[in-house]
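Chemist: my questions concern the predicted model and sequence given below.
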Amino acid sequence: MAWFARARAWLGRMLLGRPVQQEFDEELRFHLDEETDTGVTRGLTYEQARRAAVRSLGSPAELIKEECRDAWGLVVVSDLRRDTVLAIRQLRRSPMFAAVALLTLTLAIGATVSAFSLVDAWLIRPLPFPQADRLVIGLAATHERPDDPAVFLLHRDFVAWAARARSFDHLAAAFRRSYLINTGSDASEAMGLAVSGDFFKCLEVEPLLGRALSQDDSNGPPRAVLSYGLWQRLFGGVPSIVGQTISLNGITHEVVGVMPRTFDVRLIDQTHGFEVWTPLDPHEPGYDTNGTGPVAIVGRLRDGVSVGAATREVSNIQQEEESQFAEGLARYVVLLTPLAVDNTRTIRATLLTTAGASACLLLIAGLNLCTLLISRGLMRTREAALKAAIGCGRARLIRQYLTEAALLCVCGGTGGVVLAAFAIRVFASWNPLGTLPPHSLSINWHVLAFTMGTIGALILVTGLVPAIRASRLELAALISSGEARATAGPASPRLQLTLLVVQMAASLVLAAMTLLLVRTFSELQNTPLGFDADHLALVSLALPTGDFDTSEKRVAAYEALSSRLGLLPGVEQVGASTSPPLSSGAPVSVRADVHEGDVPLRISEQDVTAAYFRTVRVPIVAGRAFDDHDTRDSTPVAVLNQSAARLLFESSGDVVGRHIRIMNDSPRDIVGVVGDTQSTFYNSLEWRTNPVIFLPALQSFAAIRDPTVRSFGLHVVVRTSRMVTMSDVKPIASAVNRNMVVTAVTTTASQVAEATRQPRLRMTLLGWFGGASLILAGIGVYGVVAQIVAARRREFGVRVALGAAAPRLVGSLVSKAVLLGIGASACGGLLLVALRQTIKSLLYGVQPLDVRSFTFATGVLLGVLAIAALIPALRLIAVSPVEVLRSE
Amino acid sequence: MSKPSDLVQGTLDALILSILATESMHGLAISQQIRERSGATLQVSPGSLYPALHKLEHHGMIRAEWKNAESGRRGKYYVLTRRGRKHLEKESAHWRRLSKAITALLGRV
């Protein structure tokens, strides 16, 4: 019960009583007054009696008061307040230091917390499914790039896996479908996913309304499940949608359910989730037991089965299955990836770069603060030693320093959190990655705690060093040595210099990385595309197969459209292709000349109109382009690009007049060769010149080779001096055919920008980080040099008095800083060598150890250092030796 | 310097409690009482007394009340609590045992 009585007394005092000091003041006054009275009655004068009373106290009243307070254990509370006030006063006394330290902290904490919160939302937090880590997606990759999904698997593979694989609880096949949804008044496009029966069972997600699709839906009338977003957008969120019918690509589907808002499944880096799910119909060509329709295979791993083990199992099944077929996927490898990883391939590098850069910045900022605090602590050694000498306890001194450090940490941390919250909000609305995670973006408190913990520990440790040193200093030594020697402690400058070098090396790495990314981006920008991307508008259309079932109908629709587009102001030329610029088209099997039995090559194919090459301005290298005489009734013809000519005939010159055969069609005459154009390749940072075969639209406009396609895409290129907008195109398209959907109106220039989005983003972000780190390095050097100058003022004064030239002293200081920078550059260079493999994947057209970038970065670093050292060093020139010596 | 070297360590608390056992008293009176009752052998300076008083108050052995002294000034009077009385009994018993033992040893010399 002892603690209870004590707590009651303490609480009673805290809540009801006056502060102990105040009460004790009265108690002491009473004591002295009474004692004085006693003295006076003994015959002393009042003054004598009073003096005797004070003397009889035995110790100074203040000391007694402190001891009384200590008895109450109030010390912590009131001292904390006092220490805080003192700390604020100390910081206000050196506003430069306070501003720099707070800014550094805010920047570092803000940047780190926001960057890692993003990384967490994208890469670490599990997808919103039960036991999401067991969900994998199966695709096929090439042997050269076994980590990049290159092609979809085939439906027959899914059937084989489902029958024989033991690694999974559930397996489901899924494939994208582009759907035109006709709501009666308006047609709109939605990305859909055709799924096999176990898809929803595999994900273990319950629908919001109605039911999900199951095995029974594969047979029977067409059914569909809608996403929450689509339900809201097109049907106003009315619950009665379940049971109603909607038209998807002209086919009536019954809506059986709506998925919850959080349900978000994506395949291969989709920027947003699917909006409608339909059953894979086994009667559809390609989706019977031996069907070759493309699918992605989604699986839920059996508990305890690793991705590696499952991959080995399905690879064996795949080999056995596909080796039965001549044109199978046997030469591909099976790629099983966790679903979460599959969705973040393109942005992973950017996110990790940002996280790495911010971690680097955190390190630099931390070291910078250390140097600053140590400098400051050293300058205050005399103050601390004096305090210690006049009776300030060591614990008390340390507490005071700690309070200052904690105050900095709290203020900087608050600033950092505000900055991070702001940055995350800006990020979400700016959406620079072009895609947002399935989770909402918010500050990750674990990251915040970690960052604050690291910084806090750093500050406390460095804050303590001077306090401990000061409390050890002997006053006598201090006084006898004078200011100069007491401030320049023996060990710390070396520590400080080490910190500085590490910091500068890290800054150099960031700066060099920034330059490498700048060069990568400019390489990407300056690579000739092979066509003229300026003033080229791109109109993407989706034509439902129902209304446009023959090549003639498609050609007629296009011609009606292009003649109307040609009348828009500013339009010079209109052409069309089945693939947009910057992509190559779907691959087909091709044989050169007519050697039966040769293994066919897989080469991309596009159907283009006669005006296409003129419109995009691809040069004709040999022969001719298509013209209006290349029709169904004339000889089948083809045009190759140079790469295709080289690949098929091992020469690009004399191929005109030779023949190729696509699949089992009749042979085609090659009438011309055009220049190569650049394409992007999924998830890789480079331009590629792919071999392409062009076929004339009038002979086979979008002959549908894939039986599952329900609508086909047409990409109209418009050479125009003026912007073409959606509102220009939409009325034209609906005038041609109500069911024709304009999916996008854009420009090739913006497509180029989109293709270079990630490298540009990385460049911009690293630019900021690199700049910030250079500034921090500069501040660090400035702080240390300023401290040296302040500490050695006397020495310099004496040297100047003895005839040393002040400019030479300045020069020696600056050159020392630069020497330090050169040392740091060497360390940075070694770091870059160590990191070169990691860096390499982010670069295009430039090597990780690019000498020019490194030299330039070093130059910038040394420049910053020289300036940072020069500013405080110049103060030496103003030192008047007389003044210095007199002030001693 | 304010620590009474002639006071056995830890006995100051017991002394204060024993003096307060009969009546409530302010700090000065307590120190006078200690001096008088010990025949001026023991002297406690205010520098030791007041912190001790505050410690006892904090531990709930004594409580304080403000009332007018004979001079008419308001003084802080300390009163023994039940807890303090119990503690005093324990301490006195302990002291008696100890002093008997010490007297038995030293008294023969």
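Modeler: Looks like it arrived, so ask away.
Chemist: and the pLDDT for residue 14?
Modeler: With no chain named, the answer covers chain A. Note for A:Met14: predicted pLDDT of 56.
Chemist: ah, I was thinking of chain B
Modeler: The model's pLDDT for B:Ala14 equals 86.
Chemist: which residue packs closest to it, ignoring adjacent ones?
Modeler: Once flanking residues are discounted, B:Ala14 sits nearest to B:Glu91: 4.2 Å by C-beta to C-beta, 6 or more residues apart in numbering or on different chains. C-beta here means a position set from N, CA and C on the backbone, and glycine is covered the same way.
Chemist: go on, A:Leu267?
Modeler: Excluding the flanking residues, the one nearest A:Leu267 by C-beta to C-beta, 6+ apart is A:Ala296, at 5.3 Å.
Chemist: could you look up the SS state of the one you found?
Modeler: Recorded secondary structure, A:Ala296: strand (DSSP: H, G, I helix; E, B strand; the rest coil).
Chemist: same thing with A:Val818?
Modeler: helix.
Chemist: contacts only, for it.
Modeler: A:Val818 makes contacts with A:Leu862, A:Leu865, A:Ala866, A:Ala869, as judged by C-beta atoms under 8 Å, 6 or more residues apart in numbering or on different chains.
Chemist: can I get these in CSV including pLDDT?
Modeler: As requested, these are exported to CSV (pLDDT from 0 to 100):
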residue, pLDDT
A:Leu862, 91
A:Leu865, 87
A:Ala866, 89
A:Ala869, 86
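Chemist: next one: A:Arg93 from chain B, what distance?
Modeler: A:Arg93 sits 34 Å away from chain B, going by C-beta to the nearest C-beta, to the nearest Å.
Chemist: now do the contacts for that residue.
Modeler: The neighbourhood of A:Arg93, defined by C-beta under 8 Å, 6+ apart, contains no residues.
Chemist: now it: how far from A:Gly783?
Modeler: 16 Å (C-beta to C-beta, to the nearest Å).
Chemist: can you get me a residue count around A:Glu686?
Modeler: A count of nearby residues for A:Glu686, using other C-beta atoms under 10 Å in any protein chain shown, gives 16.
Chemist: just checking, it touches A:Leu843?
Modeler: No - judged on C-beta atoms under 8 Å, A:Glu686 makes no contact with A:Leu843 at a distance of 9.8 Å.
Chemist: could you look up the SS state of A:Asp216?
Modeler: Three-state call for A:Asp216 (three-state DSSP): helix.
Chemist: can you tell me the closest non-neighbouring residue to it?
Modeler: A:Asp216's closest residue in space is A:Gly197 (C-beta to C-beta, 6+ apart), at 7.5 Å.
Chemist: surely the one you found and A:Arg223 touch.
Modeler: No - between A:Gly197 and A:Arg223 there is no contact under C-beta under 8 Å: 11.7 Å.
Chemist: what touches both of the two?
Modeler: With C-beta under 8 Å, 6+ apart, A:Gly197 and A:Arg223 have common neighbours A:Leu213, A:Asp217, A:Pro279.
Chemist: and the longest strand seen in chain A, how far from the chain's centre?
Modeler: When chain A is parsed with DSSP state E, its longest strand is strand A:168-182. Strand A:168-182 sits 29 Å away from the centroid of its parent chain (C-alpha atoms, centre = their mean, to the nearest Å).
Chemist: and after it, which helix or strand comes next?
Modeler: Sequence order places strand A:187-195 as the next helix or strand after strand A:168-182, per DSSP states H and E.
Chemist: please enumerate the helices of chain B.
Modeler: Assigned by DSSP state H, chain B shows helices spanning B:11-20, B:27-37, B:46-58, B:82-106.
Chemist: ugh, typo on my part, it should be the stretch 1-150 of chain A
Modeler: A:2-15, A:20-41, A:46-56, A:61-72, A:75-93, A:95-119 (DSSP state H, counting those that start in this stretch).
Chemist: deepest of the ones you listed, which one?
Modeler: The highest average neighbour count among these, using mean count of other C-beta atoms under 10 Å in any protein chain shown, belongs to helix A:95-119 at a mean of 22.
Chemist: backbone dihedrals for the residue of the stretch 51-200 of chain A found nearest chain B, both of them.
Modeler: Here the residue of the stretch 51-200 of chain A nearest chain B is A:Gly58; by C-beta to the nearest C-beta that distance is 3.0 Å. The phi/psi pair for A:Gly58 (degrees, to the nearest 10) reads phi 90, psi -30.
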